[in-house]
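K.L.:
when you get a sec, could you give me coordinates for this:
(one chain, ligands or ions: 1)
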Amino acid sequence: MTKVTHYINGRNTPASERSQAIFNPATGEETGRVSLASVSETEQAIAAAKAAYPAWSEMSALKRSRILFNFRALLETHMDELAELITLEHGKVLEDAKGEITRGLEVVEFATGIPHLLKGEISEQIALGIDAWSLNQSLGVVAGISPFNFPVMVPMWMFPIAIACGNTFIMKPSEKDPSSTLRIAELLTEAGLPDGVFNVVNGDKEAVDTLLTHQDVEAVSFVGSTPVAEYIYKTASEHGKRVQALGGAKNHMVVMPDADLDQVVSSLMGAAYGSAGERCMAISVAVAVGEIGDTLIEHLKPKVENLRVGNGLLPGMEMGPLVTRDHLDKVKSYVDKGEEEGAKLIVDGRSVSAKNNGFFLGGCLFDNVTPEMTIYRDEIFGPVLSVVRVKDYSAAVQLINEHKYGNGTAIFTQNGDAARQFCHEIQVGMVGVNVPIPVPMAFHSFGGWKRSLFGPLHVHGPDGVRFYTRRKAITARWPTGLRCDPDFVMPTSS
Ligand code: NAD
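P.N.:
Down below sits the predicted model:
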C-alpha cells in the first residue's frame, strides 16, 4: 500500500490523519491512501513558497531556464516510470499516458525560452530626453488545482511557465490519482530546483479553500468540472486573486456529406473512446449533416463493438477502465437515461462492466439524440458517443453555438469554404478542420469559451506568460539641466 503525503520545501512531508483511498481502476483494488491536507498543512506549503520567492525571483531567467532544461531531460529518462504511475491510478492505456507526459514536456520546452518570453517593450524618446519601457515581473506565490484526467499534463500546463517567470508554486493534484504529480516534485528537486519553489499539497476542499482565500497566494490556475471552476473563480476573485478556471466540455464533430468517411470513422473512434472518453477535448457528439447519418452509424457500430477494452498496462489495449466506481456508476446511469429519453442505443457497453472487477465500461453509441435530452446537454465524461442528425450546415452551427459549453469542436469536410466559414462563426475556443482533437501546441494557448472557461486568459503559450506576470511601465528622464521647473499640466509628448 502506498502512502501519498505532501511535498513541502523540497521533501516528502508527513501528514495528519485525514486520508482517502486510492484505487487501481483496472482491478478495483485499494492500492494506497492519499493524505488530505488540513488548513495548517496547506499554510505550511504557502509559507515555504513565500520564503523561497525572494531568491528565486531574483535569480536570472537564464539560470531558471537551465533548471528546466535539466528537468526536461529527467522527464525523458523517467517517462516509463511516470506513465506506469498514471496508468495504475487513472487507468488509461500506457501509450496514452506517455502521450500525456510528452504534451506536458512540450510546455517545459516552451518555458525554457523564458529569457526571450519575458522581454518587455521599449519606446525611446517619447518626449525630449524621455524613454518609456515595460517590464514583465513575477507575481509571488501562485497555486494550481488540477483534475484527475491528466495528472501529469495539466499540472505541467501551469507550473513550468509559472516558475520560469520567477513565481513559486503550490500544486493541489486530484486526490484520485496523486502519485505521478508527487514524483514530478521529486524530479524537480533532482533537476536543481531550490527547495520551496515547487510544493505539492494533496487534499480536498479544505486544502483548496485555504489556497483560494490565503492572503499570500497571488493567483490561482484551475482545471476541472464547470461547477467547481465557477466556484474557484468567484471565491478566489473575491479574495483579490488573479484566476483562470477551465471547466467542462461537450465537444461536437460536424460530419459534412462530402467528408472522407474512413478518416471520419477512425478520427471519431480515437476522439470519442480514447482514454475512455475522460478527456476535456474528447468528441462526445457527432453531428451528421444531411443524409450521411445511416452510413456513419453502419461504419461506427462494428468498430465500437470490437474496441479492445482492458487493463491499460497490457499491450494492445485501446481503452482502459473509468477512474472510480462512482464515476462508472454515473456514466452507466447516463446510458440508462439516454434509453429512457428515447435515444436509440446502437452499442451497449454496459455488458463489459458485469464481467470485470475493475471499473470497466465498453464503448456506447447512441443514434437519434436530440438537443433536449440529458445525454446531449450534460458532460458525461465516459466512452459514450451521441450521434445527432441535422438537415444542413447551418443547423449544425446553430446546435453548437447554442450549447452552454464551448471548449473544442471540429469539422470534417473536403470543402474549404465550409471549413473557413465554420472557423469564423463557431462559438468555441479551439477548432479543428479535419483534426478531431485540436489541442493547441505548447507555444499557443489552450482554453475554451462560454461555460468552459472562467477568466480572460487561456493556459500555456503566450497567455500563460501573461497570466503569471504583471506589467510595469516605466517612464524615465535623466537630469539635463534644461527642465528643472515643476510641471502643473498633464504631460504630453509635444
Ligand atoms: P473536479 O472538478 O471534480 O476536480 C478538480 C479539482 O478540484 C480536484 O483537484 C478536486 O480535488 C478539486 N475539487 C473538487 N470539488 C471541489 C470543491 N467542492 N471545492 C474545492 N475543490 C474541489 O474535476 P475532475 O472530476 O477531477 O475532472 C474532470 C473534469 O475536468 C471534467 O469536467 C473535464 O471536462 C474537466 N477538465 C477540463 C479541462 C479543460 O481544459 N477545460 C481539462 C481537463 C479536465
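K.L.:
CA atoms for contacts and neighbours, from now on please.
P.N.:
Fine.
K.L.:
contact partners of the helix or strand of the chain with the lowest mean pLDDT?
P.N.:
The weakest-scoring helix or strand in the chain, judged by mean pLDDT, DSSP states H and E, is helix 350-354 (a mean of 84). Helix 350-354 is contacted by residues 332, 359, 360, 361, 362, 364 when judged by Cα atoms under 8 Å, 6 or more residues apart in numbering.
K.L.:
pick out the most distant pair among the residues you listed.
P.N.:
359 and 364 (15.0 Å; Cα to Cα).
K.L.:
neighbour count: these two, which is higher?
P.N.:
residue 359 (26 against 23; other Cα atoms under 10 Å).
K.L.:
tell me which residues touch that one, please.
P.N.:
So residue 359 contacts 25, 26, 27, 28, 321, 322, 323, 324, 325, 328, 353 (Cα under 8 Å, 6+ apart).
K.L.:
how much space separates the fifth one from the ligand?
P.N.:
Between residue 321 and the ligand the computed distance is 15 Å (Cα to the nearest ligand atom, to the nearest Å).
K.L.:
repeat that for the second one.
P.N.:
Look at residue 26 and the ligand: by Cα to the nearest ligand atom, they are 18 Å apart.
K.L.:
from residue 410, how far out is residue 144?
P.N.:
Per Cα to Cα, to the nearest Å, residue 144 is found 29 Å from residue 410.
K.L.:
within reach of the ligand, which of the contacts of helix 350-354 are there?
P.N.:
Near the ligand, taking Cα under 6 Å from any ligand atom as the test, no member of these is found.
K.L.:
contact partners for the residue in the stretch 251-400 of the chain positioned nearest to the ligand?
P.N.:
Each residue of the stretch 251-400 of the chain has a distance to the ligand, by Cα to the nearest ligand atom, and the smallest belongs to residue 280, at 3.9 Å. For residue 280, the contacting residues are 248, 249, 250, 381, 407, by Cα under 8 Å, 6+ apart.
K.L.:
one more time with 10 Å, if that's ok
P.N.:
Contact partners of residue 280, counting by Cα atoms under 10 Å, 6 or more residues apart in numbering, are 149-150, 223-225, 246-251, 379, 381, 407-408, 437, 439, 448, 452.
K.L.:
for this protein, which helix is longest?
P.N.:
The residue-count maximum for a helix in the chain (DSSP state H) belongs to helix 39-58.
K.L.:
which elements pack onto the helix or strand containing residue 327?
P.N.:
Residue 327 belongs to helix 325-340 when assigned by DSSP states H and E. On a contact count with 3 or more Cα pairs under 10 Å, 6 or more residues apart in numbering; DSSP states H and E, helix 325-340 meets strand 344-347, helix 350-354, strand 364-367, helix 374-377, strand 384-390.
K.L.:
among those, which is nearest residue 492?
P.N.:
helix 374-377 (54.9 Å).
K.L.:
the stretch 201-350 of the chain: helices as residue ranges?
P.N.:
Per DSSP state H, counting those that start in this stretch, the stretch 201-350 of the chain carries helices over the ranges 205-213, 226-238, 261-273, 293-305, 325-340, 350-354.
K.L.:
and the residue of the stretch 251-400 of the chain closest to the ligand, what pLDDT?
P.N.:
Residue-level confidence at residue 280 comes out at 97, pLDDT.
K.L.:
residues in contact with residue 312?
P.N.:
Under the criterion of Cα under 10 Å, 6+ apart, the contact list for residue 312 reads 25-26, 84, 86-88, 90-97, 275, 318-321.
K.L.:
is residue 395 in a helix, a strand, or coil?
P.N.:
When classified by DSSP: H, G, I helix; E, B strand; the rest coil, residue 395 comes out as helix.
K.L.:
how about residue 12?
P.N.:
strand.
K.L.:
count of residues packed around it?
P.N.:
Applying other Cα under 10 Å, I find that residue 12 has 16 neighbouring residues.
K.L.:
what stretches of this protein score poorly on pLDDT?
P.N.:
Within the chain, the segments meeting pLDDT under 70 span 481-484, 493-494.
K.L.:
spatially speaking, which residue is in the middle of it?
P.N.:
In the chain, the residue lying closest to the centroid (Cα atoms, centre = their mean) is residue 154, at 4.4 Å.
K.L.:
hmm, back to that, to residue 123, which of the helices of the stretch 201-350 of the chain lies closest?
P.N.:
Ranking the helices of the stretch 201-350 of the chain by proximity to residue 123 (Cα to Cα) places helix 226-238 first, at 33.5 Å.
K.L.:
in that closest one, which residues are buried?
P.N.:
Under the neighbour-count criterion of 16 or more other Cα atoms under 10 Å, helix 226-238 has 226, 228, 229, 230, 232, 233, 234, 235, 236, 237 buried.
K.L.:
residue 297 reaches residue 367, doesn't it?
P.N.:
Yes - applying Cα atoms under 10 Å as the test, residue 297 and residue 367 come out as touching, 7.6 Å apart.
K.L.:
neighbour count winner among those two?
P.N.:
Set residue 297 next to residue 367 and count neighbours by other Cα under 10 Å: residue 367 wins out with 20 against 17.
K.L.:
whatever residue of the stretch 51-200 of the chain ends up closest to the ligand sits in which helix or strand?
P.N.:
Here the stretch 51-200 of the chain gets closest to the ligand at one residue, residue 147, 3.4 Å apart by Cα to the nearest ligand atom. Per DSSP H and E: residue 147 is located in neither a helix nor a strand.
K.L.:
what's the overlap in contacts for residue 297 and residue 367?
P.N.:
Residues touching both residue 297 and residue 367 (Cα under 10 Å, 6+ apart): 346, 387.
K.L.:
quick one on the thing from earlier: the helices and strands packed on helix 325-340 into JSON lines, with extra columns for distance to residue 208?
P.N.:
JSON lines is the format used below for these (distance: least, Cα to Cα, whole Å):
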{"stretch": "strand 344-347", "distance to residue 208": "40"}
{"stretch": "helix 350-354", "distance to residue 208": "33"}
{"stretch": "strand 364-367", "distance to residue 208": "35"}
{"stretch": "helix 374-377", "distance to residue 208": "28"}
{"stretch": "strand 384-390", "distance to residue 208": "31"}
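K.L.:
how about the nearest residue to residue 93 once chain neighbours are set aside, phi and psi?
P.N.:
Using Cα to Cα, 6 or more residues apart in numbering and skipping residues adjacent in sequence, the residue nearest residue 93 is residue 312, 3.7 Å away. Per-residue torsions, residue 312: phi -60, psi -20 (degrees, to the nearest 10).
K.L.:
sweet, I'm off.
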